[in-house]
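Q: Kindly generate the corresponding structure for this input.
(2 chains)
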Amino acid sequence: MPSSPPASVDDALRVLTAGTVHCIDADELAKKLTSGRRLRVKFGIDPTASDIHLGHTVVLHKLRQFQDLGHLAVLIIGDFTARVGDPTGRSATRPALTAAEVDVHARTYVDQVRSVLDFSPDRLELVHNADWLERMDMADVLRLTGRTTVARIMERDDFANRFRDGVAIALSELLYPLLQGTDSVEVAADVELGGTDQLFNMLMGRQLQNAADQEPQVVITMPLLEGLDGEKKMSKSLGNAVGIAEAPAEQFGKLMSIPDQLMPRYFALATGWLPDQVEATTAALADGSLAPVAAKRLLGRTVADLYHGAGAGAGAESEFDRVFKAHDVPSEIATCSVARPEFPMRLARLLAVAGLVPSNKEGRRKIEQGGVRIAGERVTDPDLEVDADTIDEQTLQVGKRAWARIQITQ
RNA sequence: GGGUCCGUACCCGAGAGGCCAAAGGGAACUGGCUGUAAUCCAGUUGCGCAAGCUACGGGGGUUCGAAUCCCUCCGGGCCCA
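A: Here you go, the predicted structure:
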């Protein structure tokens, strides 16, 4: 994936600023790069959830680009801040997590980050912000909170909106930007990366670094990637996310379902590609030399390869064709064992027993809607009863994506 | 401390004693079409084979009948101090 390091500062700048929304500011970044120093590039994550999806990788890929250019990624696990809860984008106070929950999340998180970042010791520093935040006493807190004003904090949209709409804001949430800023001082960050929603917090880092007589960090924000619906930002709770730990076939299929106009965005933000490749692909798509369906397949393969190794994408693609073009059953489907005395049984119920539908009633509905097949043959009678011998070793299908093979026991 | 408002299905949200298994939207699901698990169009969406059962924050009450009225508890918002 990474090419050889660009020779000049200009080349580096071009790569590093590609796809960014803010870079505050570019001149400072150029100066830092010109110094020839290995820059300390901070990225903080709060382990409030453990699954990383493509939305999270947008910033991670940018961080990787810094690493590939010889800089040091300073990955901050926000084990302390996770307990406060980042108010960003929240319309309500985040539920507090226990230290134990945070710890579990942090471990899985780091495991998944390995697939994007370079974990060589000279390219990555991993720290936990509880190491310094937990040690602060009341005097430290007063000193810290004295560095900004209520008006300044309330400028943040999240806070302003919630205040205006009469939604609760916990006092601790107001402190969040200060904590994140403190992290920047502690790790002496040269650059901080984050999503656009982090702009305010990251700028607070500059302010605090100034106060601590440090050279302020360059703040770089990346866009928030839209989810599969193409509307809302990708988030697991909205159900529009592609997890990086998901099976390749799942990733491929999900990516095939994104709206066409979203493809350039995903190429730019979710593939880890360098600007040249992104531009070439996007241009080909625009001038018609790359068909939309081919581009989407390329996207799906690229992402699957990225997280499951080269070849995973091709495998996912052929499986996809098998199931959705040839309407064949998948190469591997779950087997469901049912005891012989249970039969004869209504098919609607069997579907529920096999876990293909949540209830008998739903099974009946699916049959009425023409969504149920036995061994490829559509079933139309919602009251159909099946007996053990005819159903043994047969494949049941509900809709386009759910199968089970029935096996009779005893 | 005082006042006041709110809590409805996966989410948002209407309903203000019976016509309420509960409008509408989102979401999801099924079918048709297709380059796709896209778009578009149509349909479905508590459980039960059924009689029926459970459900509108929890508990209790009024009533022939309660999501709707009363009491109480829990959770939350705002205002005044």
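
Q: what bits of chain A have low per-residue confidence?
A: A:1-7, A:49-50, A:84-97, A:165-167, A:237 (pLDDT under 70).

Q: ok, how many other residues are close to the nearest residue to A:Leu144 once chain neighbours are set aside?
A: The shortest distance from A:Leu144 to any non-neighbouring residue, by C-beta to C-beta, 6 or more residues apart in numbering, is to A:Leu178 (5.4 Å). Using the backbone N, CA and C atoms, a C-beta is placed for each residue, glycine as well. The tally of other residues near A:Leu178 (other C-beta atoms under 10 Å) stands at 19.

Q: quick one, strands of chain A?
A: For chain A, the strands defined by DSSP state E cover A:22-24, A:40-45, A:72-77, A:124-128, A:191-195, A:218-222, A:335-339, A:345-346, A:372-374, A:377-378, A:385-386, A:395-398, A:402-409.

Q: Compare those strands and report which one is nearest to A:Ile52.
A: Evaluated with C-beta to C-beta, those place strand A:40-45 nearest to A:Ile52, the distance being 8.9 Å.

Q: Packing partners of the closest one?
A: With contacts defined as 3 or more C-beta pairs under 8 Å, 6 or more residues apart in numbering; DSSP states H and E, strand A:40-45 has these neighbours: helix A:54-68, strand A:72-77, helix A:176-187, strand A:191-195.

Q: Render the CA-only coordinates of the longest one in CSV, please.
A: Meaning helix A:54-68. C-alpha atoms of helix A:54-68 as CSV (Å, rounded to 0.1, in the frame of the first residue of the first chain):
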residue,chain,number,x,y,z
LEU,A,54,-14.6,2.5,8.1
GLY,A,55,-15.6,5.8,9.5
HIS,A,56,-12.9,5.5,12.1
THR,A,57,-10.3,4.5,9.6
VAL,A,58,-10.5,7.8,7.7
VAL,A,59,-8.3,9.5,10.3
LEU,A,60,-6.3,6.3,10.9
HIS,A,61,-5.3,6.2,7.2
LYS,A,62,-4.1,9.8,7.4
LEU,A,63,-2.1,8.9,10.4
ARG,A,64,-0.6,6.0,8.6
GLN,A,65,0.5,8.4,5.8
PHE,A,66,2.4,10.4,8.4
GLN,A,67,4.0,7.2,9.6
ASP,A,68,5.0,6.2,6.0
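
Q: how distant is it from the center of its chain?
A: Chain-centre distance of helix A:54-68: 11 Å, with C-alpha atoms, centre = their mean, to the nearest Å.

Q: what do you get for the shortest one?
A: Taking C-alpha atoms, centre = their mean, one finds strand A:191-195 lying 16 Å from the centre of the chain it belongs to.

Q: again with the second one
A: A distance of 18 Å separates the C-alpha centroid of strand A:72-77 from that of its chain, computed with C-alpha atoms, centre = their mean.

Q: So what touches that strand?
A: By C-beta atoms under 8 Å, 6 or more residues apart in numbering, the surrounding residues in contact with strand A:72-77 are A:38-45, A:47, A:63-64, A:66-67, A:106, A:109-110, A:113, A:117-118, A:122-129, A:183, A:187, A:189.

Q: partner strands of it, parallel or antiparallel?
A: Strand pairing for strand A:72-77, determined by DSSP bridges: strand A:40-45 (parallel), strand A:124-128 (parallel).

Q: between those strands, which gets nearest to RNA strand B?
A: Of all the strands paired with strand A:72-77, strand A:40-45 sits nearest to RNA strand B, with 25.6 Å by C-beta to the nearest atom of the strand.

Q: orientation of the closest one relative to strand A:191-195 in degrees?
A: Between the axes of strand A:40-45 and strand A:191-195, defined by axes from the mean of the first three to the mean of the last three C-alpha atoms, to 10 degrees, the angle is 30 degrees.

Q: I'd like to know how many residues surround the nearest residue to A:Arg301 once chain neighbours are set aside.
A: The shortest distance from A:Arg301 to any non-neighbouring residue, by C-beta to C-beta, 6+ apart, is to A:Gly313 (3.0 Å). Neighbourhood size, A:Gly313 [other C-beta under 10 Å]: 25.
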